[in-house]
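Enquirer: sequence isn't available, so here's the structure alone:
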């Protein structure tokens, strides 16, 4: 490539119309580009096919700061992974079974070696390019720099776990995970076991705390299962970029049967409470959560410090109201005794004889559970129904059993 020594920014788009010539185009990439600062190569067909970067390309790129390869896999021993890199994006591909050509994934040794060289890294995004196996006892772990601001991993649950076990991310760095293509609930368990080790209170401390203080969760058999967790208490949900969650996790419900969706959602819910350090949560935002009462009791029974519950889904509201009516499984027979605020958002609240069971919350159930709390001297300080569909008559009755009604 002519004038490669003058290059500072290079962007290459391998359009599908170049299918017969992509090899020729990649072979034309320069061996040396000593002043190159930005390199972006996008293979527009990378949803189906990943190309290998020629090993002869870019042997001298000591000034490179931004490396963005989508659908083009380099050798992880390449000089592209230099100490001046501040932003690294490598996106592999997957076929319908969620398995990229395994020969293009790096070994654990090469993966760790490349990341160790990135001493100024600020942003890391890896999609479907994690090692096939993780053996940190043999290859060690890459301690990523404190300059790191974001980490994004998109892969199968098992491969995300592999990547996490091979890197030590600073506690101040938000981690975003998206799990795709899994064989069943056991894959979700593998990921959560790894997260439990990763966020172990004995090794992970942020802002003087080893526990998440606020959690936002949605998991049902009808949509993706989602979790966001903060170590401090955000003023409100949703939280903007000024206060990103320490952990963001999505398990995508793709190409799975309805029964499989339900099993995954159930496993996601149980594993969150079993493996993640959420015992000290004070604020819980509950979306579409569907779980049997015994499971709800086991899960929320551990949240002794929970003060605020926010619910923006009718299904989640029914689950939580049913939970608040339980007596067994809680200290002194009172569910969530420290609960002070219950915020219902954009929920239709109707009488039993009027309501559509799947789309609304029973007023009678809500009134019963709040009345019972008042009788037990654990009256809610605040019930927030702003944005809900509810009659004035219902509001009047609810105002008598809570400290304040918004």
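Expert: Received the coordinates, thanks. None of these values were measured; they are calculated from a predicted model.

Enquirer: can you tell me the SS state at residue 397?
Expert: helix (DSSP: H, G, I helix; E, B strand; the rest coil).

Enquirer: got the contact list for it?
Expert: residue 367 (Cβ atoms under 8 Å, 6 or more residues apart in numbering). Placement of C-beta: from N, CA and C, glycine included.

Enquirer: distance of residue 253 relative to residue 263?
Expert: Counting by Cβ to Cβ, to the nearest Å, the gap from residue 253 to residue 263 is 11 Å.

Enquirer: okay, these two: which has more neighbours?
Expert: residue 253 (20 against 16; other Cβ atoms under 10 Å).

Enquirer: which helix or which strand is home to that one?
Expert: Assigned by DSSP states H and E, residue 253 falls within no helix or strand.

Enquirer: count of neighbours near residue 27?
Expert: Neighbour tally, residue 27, other Cβ under 10 Å: 11.

Enquirer: can you tell me the closest non-neighbouring residue to it?
Expert: Leaving out its chain neighbours, the residue that sits closest to residue 27 by Cβ to Cβ, 6 or more residues apart in numbering is residue 54, at 5.6 Å.

Enquirer: likewise for residue 312?
Expert: In space, residue 312 is closest to residue 345, 4.0 Å off (Cβ to Cβ, 6+ apart).

Enquirer: next SSE after the helix or strand of the chain with the lowest mean pLDDT?
Expert: The helix or strand of the chain with the lowest confidence, counting by mean pLDDT, DSSP states H and E, is helix 22-27 at a mean of 69. Counting by DSSP H and E, the next helix or strand C-terminal to helix 22-27 is strand 38-43.

Enquirer: what's the longest helix seen in the chain packed up against?
Expert: Longest helix in the chain by number of residues (criterion: DSSP state H): helix 258-275. Contacts defined by 3 or more Cβ pairs under 8 Å, 6 or more residues apart in numbering; DSSP states H and E place helix 258-275 against helix 185-198, strand 214-219, strand 225-230, helix 293-300.

Enquirer: A strand includes the residue nearest to residue 27, no?
Expert: No. Per three-state DSSP, residue 54 lies outside any strand segment and is coil.

Enquirer: that one and residue 26 touch, don't they?
Expert: Yes. Residue 54 is in contact with residue 26 according to Cβ atoms under 8 Å; the separation is 5.6 Å.

Enquirer: those two: who's more crowded?
Expert: With neighbours defined as other Cβ under 10 Å, residue 54 and residue 26 compare such that residue 26 has more, 18 against 15.

Enquirer: in contact with that one, which residues?
Expert: Counting by Cβ under 8 Å, 6+ apart, residue 26 makes contact with 14, 51, 53, 54, 57, 72.

Enquirer: and the second one, how many neighbours does it have?
Expert: So that's residue 51. Count around residue 51 with other Cβ under 10 Å applied: 20.

Enquirer: ok, the fifth one next?
Expert: When neighbours are defined as other Cβ under 10 Å, residue 57 has 23 of them.

Enquirer: need phi/psi at the spatially closest residue to it that is not a sequence neighbour.
Expert: Nearest residue to residue 57, sequence neighbours excluded (Cβ to Cβ, 6+ apart): residue 29, at 4.0 Å. Dihedral pair for residue 29: phi -60, psi 140, per degrees, to the nearest 10.

Enquirer: now for residue 29: which residues touch it?
Expert: Neighbouring residues of residue 29 by Cβ under 8 Å, 6+ apart: 1, 12, 53, 54, 57, 58.

Enquirer: for the second one, which non-adjacent residue is spatially closest?
Expert: It refers to residue 12. Nearest to residue 12 is residue 41, by Cβ to Cβ, 6+ apart, at 4.5 Å.

Enquirer: these two touch, right, residue 141 and residue 112?
Expert: Yes. When contacts are counted by Cβ under 8 Å, residue 141 is listed as touching residue 112 (6.8 Å).

Enquirer: more neighbours: which of the two?
Expert: The residue with more neighbours, out of residue 141 and residue 112, is residue 112; 23 against 15, by other Cβ under 10 Å.

Enquirer: pull the residues that contact the helix or strand harbouring residue 371.
Expert: For residue 371, the host element (DSSP H and E) is helix 363-375. Identification of contacts with helix 363-375 by Cβ under 8 Å, 6+ apart yields 318, 321-322, 324-325, 334, 349-352, 379-380, 383, 390, 394, 397-398, 401-402.

Enquirer: who's in contact with the residue nearest to residue 165 when sequence neighbours are not counted?
Expert: Sequence neighbours aside, residue 134 is the residue nearest to residue 165 in space, at 4.2 Å (criterion: Cβ to Cβ, 6+ apart). Contacts for residue 134 (Cβ under 8 Å, 6+ apart) come out as 108, 161, 162, 163, 165, 166.

Enquirer: and for residue 309?
Expert: By Cβ under 8 Å, 6+ apart, the neighbours of residue 309 are 284, 286, 320, 336, 339, 341, 342, 343.

Enquirer: show me where the stretch 101-250 of the chain has its helices.
Expert: 108-116, 136-139, 157-165, 185-198 (DSSP state H, counting those that start in this stretch).

Enquirer: out of those, deepest packed?
Expert: Here the criterion is mean neighbour count by mean count of other Cβ atoms under 10 Å, and of these the winner is helix 157-165, at a mean of 23.

Enquirer: got the angle for that one vs helix 108-116?
Expert: In terms of direction (axes from the mean of the first three to the mean of the last three Cα atoms, to 10 degrees), helix 157-165 departs from helix 108-116 by 50 degrees.
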